[in-house]
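Here is my input; please provide its structure:
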Amino acid sequence: MADVRLLVDSFYDRARKDALLGPVFEAAIGDRWDRHLDIMYRFWQTILLEEHTYTGNPFSKHAPLPLEKPHFERWLSLFNQTTDELFEGPLADEAKNRAFKMGHIFQVKLDYFRQSGKQPLV
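Predicted coordinates:
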């Protein structure tokens, strides 16, 4: 779990300072960073370590945000850069693979709902 915390904390330190992502995170999270980071620890702990500590629907939290393709590209770039600087091996590769898949799925779903005018079930 210490490695998950290091990854999450290091990534969000970068993302919060990023000119493109920082304002989106600040607007969505505000002063609730401790709560958000705790959720992210549990999310990645569940995804990478198969310790089922997270329950929730991450897409529903992202659906109302003003996210476009450049946001996803920057998010993935920062995530991969952070992961590569801290870790190596199969679990690091899995983290980057999962991040890519999640970002891609979120982007496709957001595009669909925006183009169709439909609302996601949440």
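
Just give the nearest non-adjacent residue to residue 36, would you?
Excluding its sequence neighbours, the residue lying closest to residue 36 (C-beta to C-beta, 6 or more residues apart in numbering) is residue 29, at 5.0 Å. The C-beta positions use only the backbone N, C-alpha and C, and glycine is treated the same way.

Any idea how many residues pack against the one you found?
Neighbours of residue 29 under the rule other C-beta atoms under 10 Å: 15.

distance of it from residue 37?
Separation of residue 29 from residue 37 (C-beta to C-beta, to the nearest Å) stands at 9 Å.

now the strands for this structure?
Shown for the chain, no strands are assigned by DSSP state E.

what residue ranges in it score low on pLDDT?
Along the chain, segments meeting pLDDT under 70 span 118, 120-122.

Select the longest helix from it.
Secondary structure of the chain per DSSP state H: the longest helix is helix 90-116.

List the buried residues of that one.
92, 95-96, 99, 102-103, 106-107, 110 (16 or more other C-beta atoms under 10 Å).

Looking at those, spot the one nearest residue 50.
Nearest to residue 50 among those: residue 95, at 13.0 Å, using C-beta to C-beta.

separation between the nearest residue to that closest one once chain neighbours are set aside and residue 72?
Closest residue in space to residue 95, ignoring its immediate chain neighbours: residue 83 at 5.4 Å, by C-beta to C-beta, 6+ apart. According to C-beta to C-beta, residue 83 and residue 72 sit 16 Å apart.
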